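Novice: Kindly return the folded structure for what I paste below:
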Amino acid sequence: MKNTIYRKSAILILAALAFIPACSKKKSFQATTTTERGILITKNPDQPLHKKSSLKLVEELVFNGKGAGEDGFSTIDSFAVDRDGTVFICDERAALIKIFDGQGRSLGSIRTSLPESGEMPNPQIVGTTAQGELAVESTGHGRLLFYSRDGRLLRSTPLAGINTFRLGVNSRGEILIHLYRYVRPNVLYSLRLYDSALKEIKTLGHYWEPQSVGNDLYAYLPILWWVIDRGDRIVYGNPKIYEIQIFSPDGTPTRIIRKDHQPLPVSEEEKAAYRKEYAKAPYILIRFPEIHSAFQKFTIDEKGWIYVMTWERGPGGQGYWYDVFDDQGIYTARIALNRMPQLWAGDRLYTLGKDASGNVVLTRSAYQWDLR
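Specialist: Take a look at the predicted model:
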C-alpha cells in the first residue's frame, strides 16, 4: 500500500509579514554597487527594499517513510533532487538510497556498499551530476562513490588524508570540500574545489577557530557555510561578518554581498537549551560567546535569490527570520519561516521537518512571492 506520499490542498502560509514603520521605498532604501578588481560589491542597509513581504507555500507532496517495501524508510539523513525532479532519499540506518519520481512513485532503491567489504557506514548523499550519477560519501571510510540510477557502482574516489567537514559535488562531477586541519591550539578550516580525480583546482577561502581541548566546548562558533547552485556557481559565506561571496563554477569570484548588521546577544534561554543537550556530561565546560555570528546558513533558488537564516526567532518563537537577496545582491525582503529551506528545484521548495509523531518528513511545496 503506497502511503509514502499524501497531498494537501490547503495553502500553508509559513511566512509572516514584517511590520516596519511605513515609508517611501525609494527614499529609505539605500543600496550601492561598485566594482573592485572585476568583482561586483553590493552594500545593503539593515532594512529590506520591500517592507511587507510574504512567501506563500502550497504543500504538494510529503515523503514520510510509512509505506511498506520500496516506499518505506526509517529516516531521512540526506536527500537530493536531480534536474528531472527525481528524488533520492538516504536512509542511513538501512544503508539504502530510496528513489522516487516527481509524482512520488517509487522507482526502487540503491544499496550502498564498499566493494571490498560490502559495508557502507554513514552514507550521505552529496549531489548529482549532469550524467545522471548519484554521489554518495561514506563518512566512515573516507570514500566518495558514484552510482548509476539502477544502482551500479560507477567509480570510487578515496579521500585519504583529507579531513572532510562537509563536501558537495557539482553537475560536472567536480568536488567541493570543506576540510579542516589541527594546528594547535586552533583548527584551520578551508574550502577547496577539486576536479573529479581529486586534483585541487582552487582554494576559495579559509578561517581559524579555537580547538576544544579537554573538557572545554565552544558553543555557537561561526561556521563557514556554502552551497552549489543549479548552475554550479559556489555561494560562500563566513558568518563572522555579514558577507556572502559568489564564485563562478571554476572558482573565480564574481560578486560580494554585504549588509549592515546588528549582532544579537546569546540569550539565557539559548544557553539553557544548549546545556540541556549535554546534561549527561556535566564535566563538559561550555563556553558561550556574548553575541551570535552574523547568520547561520543560507540556500539559493534557481532565480539566484539567496535566503539567509538569521539567529532571530520567528513570531511566537517558531522558526527563524530570513534575509532574502535577489539575483543582483539587493536586500529585497525579510520573512519568517517555520522550516528551513533545504533545496529549491525549479519552482518548487523542499523542506525537512517533523510530523506529530516526531518523525522526519520531506515536503515539496510550490511557492509564490507577495512583495510590497
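Novice: Who does K297 form a beta bridge with?
Specialist: M309 (DSSP bridges).
Novice: What distance do you get for it to N359?
Specialist: To N359, K297 is 23 Å away according to CB to CB, to the nearest Å. From N, CA and C alone the C-beta is placed, and that goes for glycine too.
Novice: Same check on E277?
Specialist: 20 Å.
Novice: same question, F29
Specialist: With CB to CB as the criterion, F29 and N359 are 43 Å apart.
Novice: just S212 next, same as before
Specialist: 32 Å.
Novice: The stretch 251-372 of the chain: strands as residue ranges?
Specialist: 253-259, 285-287, 297-300, 306-313, 320-325, 331-337, 341-345, 348-354, 360-371 (DSSP state E, counting those that start in this stretch).
Novice: Serialize these to JSON lines and add fields for distance to L61, mean pLDDT and mean neighbour count.
Specialist: Below are these laid out as JSON lines (distance: least, CB to CB, whole Å; pLDDT from 0 to 100; neighbours: other CB atoms under 10 Å):
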{"stretch": "strand 253-259", "distance to L61": "32", "mean pLDDT": "98", "mean neighbour count": "19"}
{"stretch": "strand 285-287", "distance to L61": "40", "mean pLDDT": "93", "mean neighbour count": "14"}
{"stretch": "strand 297-300", "distance to L61": "19", "mean pLDDT": "97", "mean neighbour count": "22"}
{"stretch": "strand 306-313", "distance to L61": "21", "mean pLDDT": "98", "mean neighbour count": "20"}
{"stretch": "strand 320-325", "distance to L61": "23", "mean pLDDT": "98", "mean neighbour count": "23"}
{"stretch": "strand 331-337", "distance to L61": "18", "mean pLDDT": "97", "mean neighbour count": "24"}
{"stretch": "strand 341-345", "distance to L61": "12", "mean pLDDT": "95", "mean neighbour count": "20"}
{"stretch": "strand 348-354", "distance to L61": "9", "mean pLDDT": "91", "mean neighbour count": "18"}
{"stretch": "strand 360-371", "distance to L61": "4", "mean pLDDT": "93", "mean neighbour count": "17"}
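Novice: nearest to S54, of these?
Specialist: Proximity to S54 (CB to CB) singles out strand 360-371 among these, at 4.7 Å.
Novice: E277 and N359: which has the busier surroundings?
Specialist: Of the pair E277 and N359, N359 is the one with more neighbours under other CB atoms under 10 Å, namely 14 against 10.
Novice: pretty sure F73 contacts F88?
Specialist: No: between F73 and F88 there is no contact, the gap being 11.3 Å when judged by CB atoms under 8 Å.
Novice: any common contacting residues for the two?
Specialist: The contact sets of F73 and F88 overlap at K98 (CB atoms under 8 Å, 6 or more residues apart in numbering).
Novice: From R181, how far off is Y331?
Specialist: Distance from Y331 to R181, by CB to CB: 35 Å.
Novice: before we move on, what about L285?
Specialist: 25 Å.
Novice: now I41
Specialist: I41 is 30 Å from R181, by CB to CB.
Novice: which one of those two has more residues nearby?
Specialist: Applying other CB under 10 Å to I41 and R181 shows that I41 carries more neighbours, namely 17 against 12.
Novice: Listing partners with orientation, what would you give for the helix or strand hosting the more buried one?
Specialist: Under the criterion of DSSP states H and E, I41 resides in strand 39-44. In the sheet, strand 39-44 lines up against strand 32-36 (antiparallel), strand 253-259 (parallel) (DSSP bridges).
Novice: For V136, find the nearest of those strands.
Specialist: strand 253-259 (29.9 Å).
Novice: Please enumerate the strands of the stretch 101-250 of the chain.
Specialist: Using DSSP E, counting those that start in this stretch, strands in the stretch 101-250 of the chain cover 106-111, 123-128, 134-138, 143-147, 153-158, 164-169, 175-183, 186-194, 200-210, 216-218, 225-228, 234-237, 243-247.
Novice: Please convert these to a markdown table, extending it with distance to K259.
Specialist: Formatted as a markdown table, the strands of the stretch 101-250 of the chain follow (distance: least, CB to CB, whole Å):
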| stretch | distance to K259 |
| --- | --- |
| strand 106-111 | 42 |
| strand 123-128 | 29 |
| strand 134-138 | 33 |
| strand 143-147 | 35 |
| strand 153-158 | 37 |
| strand 164-169 | 24 |
| strand 175-183 | 23 |
| strand 186-194 | 21 |
| strand 200-210 | 18 |
| strand 216-218 | 26 |
| strand 225-228 | 15 |
| strand 234-237 | 11 |
| strand 243-247 | 8 |
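Novice: Of the ones you listed, which is nearest A281?
Specialist: strand 216-218 (9.0 Å).
Novice: Would you mark the buried spots in the closest one?
Specialist: L217 (16 or more other CB atoms under 10 Å).
Novice: Who are the packing partners of that strand?
Specialist: strand 285-287 (3 or more CB pairs under 8 Å, 6 or more residues apart in numbering; DSSP states H and E).
Novice: T129 reaches R172, doesn't it?
Specialist: Yes: using CB under 8 Å, T129 is in contact with R172, at 6.8 Å.
Novice: Please identify which of the two sits among more neighbours.
Specialist: Taking neighbours as other CB under 10 Å, T129 and R172 compare with T129 leading, 18 against 13.
Novice: By mean pLDDT, which helix or strand of the protein comes out lowest?
Specialist: Least confident helix or strand of the chain, by mean pLDDT, DSSP states H and E, is strand 11-13 with a mean of 37.
Novice: re earlier: in JSON lines, list the strands paired with strand 39-44 along with distance to E290.
Specialist: Compiled in JSON lines, these are given as follows (distance: least, CB to CB, whole Å):
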{"stretch": "strand 32-36", "distance to E290": "31"}
{"stretch": "strand 253-259", "distance to E290": "21"}
